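Chemist: Kindly generate the corresponding structure for this input.
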Amino acid sequence: MKNIAVFLLSAVLLSACKQEKSKTSDDGTKVLSTTKDLSFKVNKIDTTNLPAALKYEGNIKNAVRWQDNAGDNIVITTETGHYINPKFKHENEDSSDAELFAYHYIISGDEAKQTWKVYDYISDCPVEIAAYFVKNTFNVTDLNKNGIAEIWLMYKTTCHGDVSPLQMKVIMYEGKEKYAMRGENKVMLETSEGKEKFIGGEFKFDANFEKAPKIFKEFALNLWNKNIMQKWGDDN
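Modeler: Predicted coordinates:
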């Protein structure tokens, strides 16, 4: 009898686990993250059905929503790609611009309050230009388990006509508090003797990261090291 009870309990737990993996939000959007490290669910948003109160520039790369101790949150990240922006001064006929944005909103009814915005760009560039978020690095976490999400962004910018390193940044927000890690990626060059030579890879934490919990710095360093090598053809 005891064995039957254990079997039935195991079956119930297995069924619950399977249901958890396939959960969707009330509006039918797929759950982005249901990891045990989060006390809240982060859902992808149908970008054709964003709240009308949200204002943004560029083309959406990520759009997510969740509820935590700060309220009902939405974050979207966008890129413009290469284009000519009339707000910039252009010295060369062949030059172009590229911009990227990230926005955080707290939603209350039909209202959306923007709490922070990340903006970076390259302008008037006559050679290779880039301003893009690094693939698969956008994250929403609660590493310090305080019920308020940390939003992680990583992106690269450049204007160059050679194989020099790109500027690279990790930006993290917890509430309105900003943390930044700035530097450049690493590229491999071949010397005249046919040997491999690496340049770039340096970074610096800002003051907030320097005094941040160890778990924040470890997460940032892991992102950095996973994406430090330039993979040609991987640019957005």
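Chemist: what lines up beside the strand of greatest length in the chain in the sheet?
Modeler: Secondary structure of the chain per DSSP state E: the longest strand is strand 111-125. In the sheet, strand 111-125 lines up against strand 96-108 (antiparallel) (DSSP bridges).
Chemist: avg pLDDT for the longest strand of the chain?
Modeler: Averaging pLDDT along strand 111-125 yields 97.
Chemist: just how off-centre is the next helix or strand after that strand within its chain?
Modeler: Counting by DSSP states H and E, the element after strand 111-125 in chain order, helix or strand, is strand 128-133. Strand 128-133 has its C-alpha centroid displaced from the chain centroid by 15 Å (CA atoms, centre = their mean, to the nearest Å).
Chemist: what angle do strand 128-133 and strand 111-125 make?
Modeler: Computed by axes from the mean of the first three to the mean of the last three CA atoms, to 10 degrees, the angle separating strand 128-133 from strand 111-125 equals 160 degrees.
Chemist: Tell me the strands beside strand 128-133, with direction?
Modeler: In the sheet, strand 128-133 lines up with strand 150-160 (antiparallel) (DSSP bridges).
Chemist: For the strand it pairs with, give the mean pLDDT please.
Modeler: 97.
Chemist: Please point out which parts of that strand sit buried.
Modeler: Across strand 150-160, burial judged by 16 or more other CB atoms under 10 Å covers Glu150, Ile151, Trp152, Leu153, Met154, Tyr155, Lys156, Thr157, Thr158, Cys159. C-beta: built from backbone N, CA, C; applies to glycine.
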